[in-house]
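K.L.:
Okay, sequence plus prediction incoming.
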Amino acid sequence: MPNLLIGGDWRAGSSAAQREVVNPFDQSVVAKVDEATADDVDAAVRAAAAAFAGGAGEWPRTPAGERGALLRRVADLLLRDEDDLARLETLDTGKTVGESRQDVQDVAAVFRYYADLADKDPGRLVDAGRRDVVSRVVYEPVGVCALITPWNYPLLQVCWKVAPALAAGNTIVVKPSEVTPLTTIRLAELLQEAGAPAGVVNLVLGGREVGAAMVEHPDVDLVSFTGGLATGQGILRAAAETVKKVTVELGGKNPNIVFADVDLDTAVDNALTAVFLHSGQVCSAGTRLIVQDEIHDEFVAAVAERAEHIRLGNGFDPATESGPLVSGEHRASVEEYVATGLREGARLVTGGRRPEEPELAGGFFYLPTVFADCRRDMHVVQEESFGPVLTVERFSTEEEAIALGNDTDYGLAGAVWTADTARAERVARALRHGTVWINDFGPYLPQAEWGGFGRSGNGRELGPSGLAEYREAKHIWHNTAPEPARWFKG
Ligand code: NAD
């Protein structure tokens, strides 16, 4: 079956080009998928615009509760196909199949959340200060939404966008990362199966050129992008031309602050998961460990010792704890980043190279790596590696910990570990990050906003704000007793 979905029809790209999808565990080709051209993007946007029909289309006029019912069916279908979706996600990304299953369950919860929210909060009455005027604010869908996603959490990222965009009554054109398109193709099939009318959900595949054609298209009203900082900056510039609404969720360099009063074993264990889960290919990974002087040496030694025991392997092997990096290109960029750390004088405690086991030689593996003696002015402390690389800094006072935690251009997420509840609250309030965990690292909820301060992006996904991104507010002033105003006397 062809892989582009345009106006309800599955078709190949107009150039007939295809792209190979590679398993990062062994570099085998797991699929060949159709590649879109700028003409295909144009056709997909036109199909979405026709289905939206300036707000008069079937989908934007469908009662919000019925749109919610469709989202609920999608949640059921995702869970029905959990095995298949998890298998595809692991083939595509290399992550463990347990993580892939968790992703499927999480996105089903996101679809249910927006299904429930779709018909809540239809607007509000506003006191106009006059008895003869009814003033109210209502919400309208924005229009045609271009949804562009990265390779690290392909299914999860696209669902965070698709569910609220459809709940609000928009029509969409989706583009997954060219590196990991498989679960997004399956999602588009499930949306069709759940009853999304033709043209409401469109899918194009490809890389930078295809994404750029979406962002530049005059009939796209909103772009929601998750990906790297430089790409996001380019999208903001390109979208300015046609004054689109733009939401960008970008990278992070996330502090994990540990005070000396913690239970060491618990904090070490969580510091490990924070940075090495999915080989560090997580936008909110706790890559910047900031430890209080008293426990610094013991903490670093314990993290390094446990990092050396992380079992790398095939995501389908139940013994595997972490998979490979997503591509050879990405591993090369992580290697360059580690070389920079060494040049800057960071002390390599463990890792810093590829594993030597012959059974891992075919994949894009890289050892969990720990750099100690890091300073805030180092590139490796300030820039995202998006790989399994931890930098460690030390602090003595609470003020110093906060200053270090906020010393970043990013602001996506951070954590504080301490047994002192009042201090935990003070530090959490002082950190300039979109998510702060106290004595934990990583959890998120469909009900709670996700997004970044600073260069981690603008706008929010999840929670009520995640729906608001896809709505326009409209004020309707109804004068029930009009009469001449006589401003002009003649
Ligand atoms: P990327 O920026 O290279 O690509 C992301 C998407 O944008 C892909 O679909 C790509 O094809 C597309 N694209 C590339 N150039 C484009 C252009 N000029 N116009 C339009 N689209 C274009 O990012 P990536 O390497 O796929 O993902 C890794 C990055 O994503 C990391 O920096 C990570 O921190 C970030 N990320 C952020 C979050 C978050 O919630 N803040 C979540 C996951 C990943």
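P.N.:
Alright, I've got the coordinates. Just so you know, these numbers come straight off a predicted model, no measurement behind them. Residues are numbered from 1 along each chain as shown.
K.L.:
rest of the way, CA atoms for contacts and neighbours
P.N.:
Will do.
K.L.:
The closest residue to Thr247 other than its chain neighbours: neighbouring residues, count only.
P.N.:
Nearest residue to Thr247, sequence neighbours excluded (C-alpha to C-alpha, 6 or more residues apart in numbering): Ser224, at 4.7 Å. Using other C-alpha atoms under 10 Å, the number of residues around Ser224 comes to 26.
K.L.:
So what does Ser224 have for phi and psi?
P.N.:
Here is the backbone geometry of Ser224 (degrees, to the nearest 10): phi -120, psi 120.
K.L.:
mind checking pLDDT for it?
P.N.:
In this model, Ser224 is scored at 98, pLDDT.
K.L.:
ok, now how distant is it from the ligand?
P.N.:
Distance, Ser224 to the ligand, using C-alpha to the nearest ligand atom, to the nearest Å: 10 Å.
K.L.:
same question, Ala188
P.N.:
From Ala188 to the ligand the distance is 16 Å (C-alpha to the nearest ligand atom).
K.L.:
ok, now which ones touch that residue?
P.N.:
Under the criterion of C-alpha atoms under 8 Å, 6 or more residues apart in numbering, the contact list for Ala188 reads Leu5, Val201, Asn202, Leu203.
K.L.:
out of those, which is most surrounded?
P.N.:
Leu203 (29 neighbours).
K.L.:
these two touch, right, that one and Pro2?
P.N.:
No: using C-alpha atoms under 8 Å as the test, Leu203 is too far from Pro2 to be in contact (11.2 Å).
K.L.:
I'd guessed Gly94 sits against Leu325; true?
P.N.:
Yes: under the criterion of C-alpha under 8 Å, Gly94 makes contact with Leu325 at 7.3 Å.
K.L.:
quick one, which of the two is more surrounded?
P.N.:
Ranked by neighbour count (other C-alpha under 10 Å), Gly94 and Leu325 place Gly94 first, with 32 against 28.
K.L.:
How about Asp106: what's its closest non-neighbour residue?
P.N.:
Distance criterion C-alpha to C-alpha, 6+ apart; nearest residue to Asp106, sequence neighbours excluded, is Leu156 at 7.6 Å.
K.L.:
mind checking the SS state of that neighbour?
P.N.:
Following DSSP: H, G, I helix; E, B strand; the rest coil, we place Leu156 in the helix state.
K.L.:
ok, back up a step: sort out which one of the contacts of Ala188 lies nearest the ligand for me.
P.N.:
Nearest to the ligand, judged by C-alpha to the nearest ligand atom, of the contacts of Ala188 is Leu203 at 12.1 Å.
K.L.:
show me what contacts the closest one?
P.N.:
Contacts of Leu203 were listed using C-alpha under 8 Å, 6+ apart, and they are Asn3, Leu4, Leu5, Ile6, Ala44, Val173, Val174, Lys175, Ile185, Ala188.
K.L.:
That one pairs with what?
P.N.:
As for beta bridges, Leu203 partners with Leu5, Val174 under DSSP bridges.
K.L.:
what is in contact with Gly94 and Leu325 at once?
P.N.:
Joint contacts of Gly94 and Leu325 (C-alpha under 8 Å, 6+ apart) are Pro24.
K.L.:
re earlier: wait, which of the contacts of Ala188 is closest to Leu88?
P.N.:
The closest of the contacts of Ala188 to Leu88 turns out to be Leu203 (C-alpha to C-alpha; 17.6 Å).
K.L.:
Ala146 against Ala165, yeah?
P.N.:
No: if you go by C-alpha under 8 Å, Ala146 and Ala165 don't touch, sitting 9.9 Å apart.
K.L.:
Now Glu193: which helix or strand?
P.N.:
Using DSSP states H and E, Glu193 sits within helix 182-194.
K.L.:
pLDDT (mean, whole number) over that helix?
P.N.:
For helix 182-194, the mean per-residue pLDDT is 98.
K.L.:
hey, C-alpha coordinates of it in PDB?
P.N.:
Output in PDB follows, covering the C-alpha atoms of helix 182-194 (Å, rounded to 0.1, in the frame of the first residue of the first chain):
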ATOM      1  CA  LEU A 182       6.500   3.900  10.500                       C
ATOM      2  CA  THR A 183       4.200   4.400  13.500                       C
ATOM      3  CA  THR A 184       2.900   7.700  12.100                       C
ATOM      4  CA  ILE A 185       1.800   5.800   9.000                       C
ATOM      5  CA  ARG A 186       0.000   3.300  11.200                       C
ATOM      6  CA  LEU A 187      -1.600   6.200  13.200                       C
ATOM      7  CA  ALA A 188      -3.000   7.700  10.000                       C
ATOM      8  CA  GLU A 189      -4.500   4.300   9.100                       C
ATOM      9  CA  LEU A 190      -6.100   4.100  12.600                       C
ATOM     10  CA  LEU A 191      -7.500   7.700  12.300                       C
ATOM     11  CA  GLN A 192      -9.100   6.700   9.000                       C
ATOM     12  CA  GLU A 193     -10.500   3.500  10.600                       C
ATOM     13  CA  ALA A 194     -11.900   5.500  13.500                       C
END
